[in-house]
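Participant: Sequence isn't available, so here's the structure alone:
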C-alpha cells in the first residue's frame, strides 16, 4: 500500500489516500473527502523513506554501552595525539604566510 496525492476534479481539493497501487491509474475506491466526487487526478509526488537501525545495533550511534562510539570511545587517545602534535610543531602560532594578492600582484588592475 502506498500514500498517493490526488486532486479533486470537481472542487480542486488536494488530498491524500493510502491505497494499493492501481496499474490502470483509476483508483476506483478513492473519493474526495470534501464533496464525495470520484473525479480526480493523481498528482506526481516523491516518496519519503529513511534507513535506520534498531537502537543498540548501530556501531556509530549505539548507546548500549553508555557512550557514543565516535566521540567518546577514542577521545582520550585523540586528545593526547593532538597535544603531542602541537608540541612537536615548529610552525609557531601563525603557521601560514600572510598572502596579499590584491596589493602585491603585478598584473592587478591591468585590462588586456
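Facilitator: Here it is on my side, so go on. What you see is a predicted model, and the numbers here were worked out from it, not measured in a lab. Residues are numbered from 1 along each chain as shown.
Participant: Would you mind giving the secondary structure of residue 87?
Facilitator: helix (DSSP: H, G, I helix; E, B strand; the rest coil).
Participant: What's the separation between it and residue 77?
Facilitator: Applying Cβ to Cβ, to the nearest Å, the value for residue 87 to residue 77 is 16 Å. Yep, even glycine has a C-beta here, placed from its N, CA and C like the rest.
Participant: Now residue 37: closest residue in space that isn't a chain neighbour?
Facilitator: residue 10 (4.1 Å; Cβ to Cβ, 6 or more residues apart in numbering).
Participant: which SSE is that neighbour in?
Facilitator: For residue 10, there is no host helix or strand (DSSP states H and E).
Participant: Also residue 16?
Facilitator: Per DSSP H and E: residue 16 is located in strand 14-19.
Participant: For that strand, enumerate the helices and strands it packs against.
Facilitator: strand 2-8 (3 or more Cβ pairs under 8 Å, 6 or more residues apart in numbering; DSSP states H and E).
Participant: Show the contacting residues for residue 13.
Facilitator: Residue 13 makes contacts with 7, 32-35, as judged by Cβ atoms under 8 Å, 6 or more residues apart in numbering.
Participant: Could you list the domains of the protein?
Facilitator: 2-42, 51-88 (automatic domain parsing).
Participant: Could you work out the end-to-end span of the first one for me?
Facilitator: So the one you mean is domain 2-42. The straight-line separation of the ends of domain 2-42 (Cα to Cα, to the nearest Å) is 13 Å.
Participant: mind checking which of the domains of the chain is nearest residue 103?
Facilitator: domain 51-88 (32.4 Å; Cβ to Cβ).
Participant: Quick check, the residue nearest to residue 37 in contact with residue 32.
Facilitator: Yes. Judged on Cβ atoms under 8 Å, residue 10 makes contact with residue 32 at a distance of 6.8 Å.
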